[in-house]
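Participant: no FASTA, just this:
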């Protein structure tokens, strides 16, 4: 297990991202946030939407912070611990900016849509033009504000593009109920409906999925 | 903070009958209540009368919704947050329970009972023997005291809680064997437990832990003063055997790192008046001296037969076995909020065992918080000053109070 944190939002952008994810979640529902950090999203969902929101986090210091704040967070690993939840235990299972850091993204998505009716997934888009340009022009692994660690240090072991993710959903038989591309600050990008443009200019993708 | 008016008035209303005391525990009288409608133990024996000694701290609110039950560990007792009547030492969880502490007695009404089988006033091997017809003879049970289980302890505690007029506990908290009781409470009385906090605990006692307990028991049996458990006849207690049992157990409560940090290989002079073999060397390691001190102070406050009874109760504990082998079935449909906490250097109740419980609770769909705290202090860490642990306890209870709509 890597000791480095996967790509996360900078604190100043956290609120914007939370608002986008929370916007996909109905009030008074059961929510599991995987990789919940110190529990900001689950606190937000409880306080503003009355959700029964719980979290799993792999970083023990973050778990401690969450519990100290009175939030129901347990230490756990997305790759290992989801199998212990019963089918349909949640209305939504959230994986925010961690898909690229798990060992088996495909299996984690399967588990998410087994234990939850819907999955909310966000990830940094490796198809962004700056990433493409750096690889093309320098011939080396890109280093950007989002992808900010050298290839041998990064915990982000499964980068993908927005188009890759659409393909995976197709293969797995997931319905994309909603999706959007945003900049790194979590602000919604205007190329919402054009996935090729979104894949070029969106710094991250945010998806709401369910089983077909 | 000690024994509020409420606690006293309940004690007064109870059928006060001083529990039989004998050395080494002393004859201090403990706040208690005696139930005479019988309790049938898991082993099948019915005790017609049984006494639960307990202490309370803080004030029960008007709708009786702020009660927290604290369950003590193997050698603990009800004196959780006040000086011990026998040893004079501070309460065993003074840093956790009290005004302004994580379990804040300004806000919560804290109840701590002595377990069934214990030796601080609750019915146990020191109590006078009850014949099958219910008559009580003027002689202790000794080793004829029926085997007790964690479930028996919890059922006795439930009687106390009902006696205090409390339908639902806001929380049940305990470490080690106390955590076993917490899990048993949550499984047996899910609607009576809003929040459950098993700390440094497990859903069963491991083979290694049973093995260490057996060494302790054998040490007691091997003491000539044990007298087949009827040591009151000779007027002596099996102090040496009980002390060795404690010394052995104490090692399991620590960690190699903590022992090295505290004692290393440092030597000190052996006590001049020592008649023990160690004085042959003229010097002793500090860790030896420490363990001997732990052993000798323990026998002043604990009864050897109680030690046998309670270690056995822990060994028998296997919650999943009571529910067809799947621990999740013990908690199916539970609405209780759980906090599991463990400590990195605890090898007696390692994190893996807490994680097993957490996963079973996940399978049951229960609301679980689970955190491991880094420390080199071993199993004992749950009793010691661990700021992160204490902040997490306080925070978890605060969060639960919010969900329980418990007003500050």
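Facilitator: Looks like it came in fine. Owing to the predicted nature of the structure, the values given are computational and were not obtained by experimental measurement.
Participant: Residues of chain A that sit close to chain B?
Facilitator: A:52, A:54, A:60, A:63-64, A:66-76, A:81, A:84-86, A:89 (CB under 8 Å from any CB of the partner chain). Backbone N, C-alpha and C define where each C-beta goes, glycine included.
Participant: Give me the neighbour count for residue B:353.
Facilitator: Per other CB atoms under 10 Å in any protein chain shown, the neighbour tally for residue B:353 reads 22.
Participant: Give me the contact list for the strand or helix carrying it.
Facilitator: Using DSSP states H and E, residue B:353 sits within helix B:351-363. Applying CB atoms under 8 Å, 6 or more residues apart in numbering or on different chains, the contact partners of helix B:351-363 are A:74-76, A:81, A:84-86, B:183, B:198, B:200-203, B:206, B:320, B:326-328, B:330-331, B:334, B:338, B:340-344, B:368, B:370, B:372.
Participant: what do you get for stretch B:134-141?
Facilitator: Under the contact criterion CB under 8 Å, 6+ apart, stretch B:134-141 has outside partners B:20, B:22, B:48-49, B:124-131, B:232, B:305.
Participant: now residue 147, what's its secondary structure?
Facilitator: Using chain A here. Under DSSP: H, G, I helix; E, B strand; the rest coil, the three-state class of residue A:147 is coil.
Participant: not quite, I wanted chain B
Facilitator: Using three-state DSSP, the structure places residue B:147 in coil.
Participant: Quick one: name the residues of chain B near chain A.
Facilitator: Contact residues (CB under 8 Å from any CB) of chain B with chain A: B:337, B:339-340, B:355, B:358-360, B:362-365, B:367-374, B:388, B:391-392, B:394-400, B:402.
Participant: and the closest residue to residue B:239 other than its chain neighbours, how far is that from residue B:346?
Facilitator: Nearest residue to residue B:239, sequence neighbours excluded (CB to CB, 6 or more residues apart in numbering or on different chains): residue B:299, at 4.5 Å. Look at residue B:299 and residue B:346: by CB to CB, to the nearest Å, they are 26 Å apart.
Participant: So which of the two has more stuff around it?
Facilitator: residue B:346 (27 against 22).
Participant: Near the closest residue to chain A within chain B, how many other residues are there?
Facilitator: Closest to chain A within chain B is residue B:399: 2.3 Å, counting by CB to the nearest CB. For residue B:399, the count of nearby residues is 24 (other CB under 10 Å).
Participant: Give me the pLDDT for it.
Facilitator: The model reports residue B:399 with a pLDDT of 96.
Participant: Can you tell me the closest non-neighbouring residue to the residue nearest the centre of chain A?
Facilitator: For chain A, the residue nearest the mean C-alpha position is residue A:96 (2.2 Å; CA atoms, centre = their mean). Using CB to CB, 6+ apart and skipping residues adjacent in sequence, the residue nearest residue A:96 is residue A:122, 5.0 Å away.
Participant: Please narrow the contacts of stretch B:134-141 to those residing in helices.
Facilitator: Mapping these onto helices (DSSP state H) picks out residue B:305.
Participant: of the contacts of stretch B:134-141, buried ones?
Facilitator: B:20, B:48, B:49, B:124, B:125, B:126, B:127, B:129, B:130, B:232, B:305 (16 or more other CB atoms under 10 Å in any protein chain shown).
Participant: Farthest pair within those residues?
Facilitator: B:48 and B:232 (22.5 Å; CB to CB).
Participant: mind checking the SS state of whichever residue of chain A sits closest to chain B?
Facilitator: Using CB to the nearest CB, the closest approach of chain A to chain B is made by residue A:70 at 2.3 Å. Secondary structure state of residue A:70, per three-state DSSP, is coil.
Participant: Might one say that it is in contact with residue B:393?
Facilitator: No - at 10.8 Å, residue A:70 does not count as touching residue B:393 under the criterion of CB atoms under 8 Å.
Participant: all helices of the chain, in order?
Facilitator: Just going to use chain A. Counting by DSSP H, chain A has helices at residues A:11-22, A:40-49, A:60-68, A:78-81, A:105-115, A:129-138, A:162-172, A:195-201.
Participant: other chain: chain B
Facilitator: Using DSSP H, helices in chain B cover B:5-13, B:150-163, B:177-188, B:207-222, B:239-253, B:256-262, B:286-298, B:304-316, B:351-363, B:387-403.
Participant: Give me whichever of the ones you listed is most buried.
Facilitator: Of all these, helix B:177-188 has the most neighbours on average by mean count of other CB atoms under 10 Å in any protein chain shown, namely a mean of 27.
Participant: Distance from that one to the middle of the chain?
Facilitator: How far helix B:177-188 lies from its chain's middle: 11 Å, per CA atoms, centre = their mean, to the nearest Å.
Participant: Averaged pLDDT, it. What do you get?
Facilitator: The pLDDT scores in helix B:177-188 average 98.
Participant: Could you measure from residue A:78 over to residue A:155?
Facilitator: 12 Å.
Participant: if you count what's nearby, which of the two comes out ahead?
Facilitator: residue A:78 (24 against 16).
Participant: what bits of the stretch 1-150 of chain B have low per-residue confidence?
Facilitator: By pLDDT under 70, the weakly predicted segments of the stretch 1-150 of chain B are B:1-28.
Participant: now chain A
Facilitator: Regions of chain A meeting the criterion pLDDT under 70 cover residues A:1-15, A:185-193.
Participant: Now for residue B:320, how many residues are close by?
Facilitator: Residue B:320: 18 neighbours (other CB under 10 Å).
Participant: Spit out the contact partners of it.
Facilitator: B:203, B:204, B:326, B:327, B:329, B:330, B:360.
Participant: wait, isn't residue A:29 in contact with residue A:22?
Facilitator: No - counting by CB under 8 Å, residue A:29 does not reach residue A:22; the two are 11.2 Å apart.
Participant: Name the residues contacting each of the two.
Facilitator: The contact sets of residue A:29 and residue A:22 overlap at residue A:49 (CB under 8 Å, 6+ apart).
Participant: picking up where we left off before, make CSV out of the helices of chain B and add distance to residue A:163.
Facilitator: Converted to CSV, those look like this (distance: least, CB to CB, whole Å):
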stretch, distance to residue A:163
helix B:5-13, 68
helix B:150-163, 57
helix B:177-188, 48
helix B:207-222, 54
helix B:239-253, 57
helix B:256-262, 51
helix B:286-298, 64
helix B:304-316, 58
helix B:351-363, 34
helix B:387-403, 41
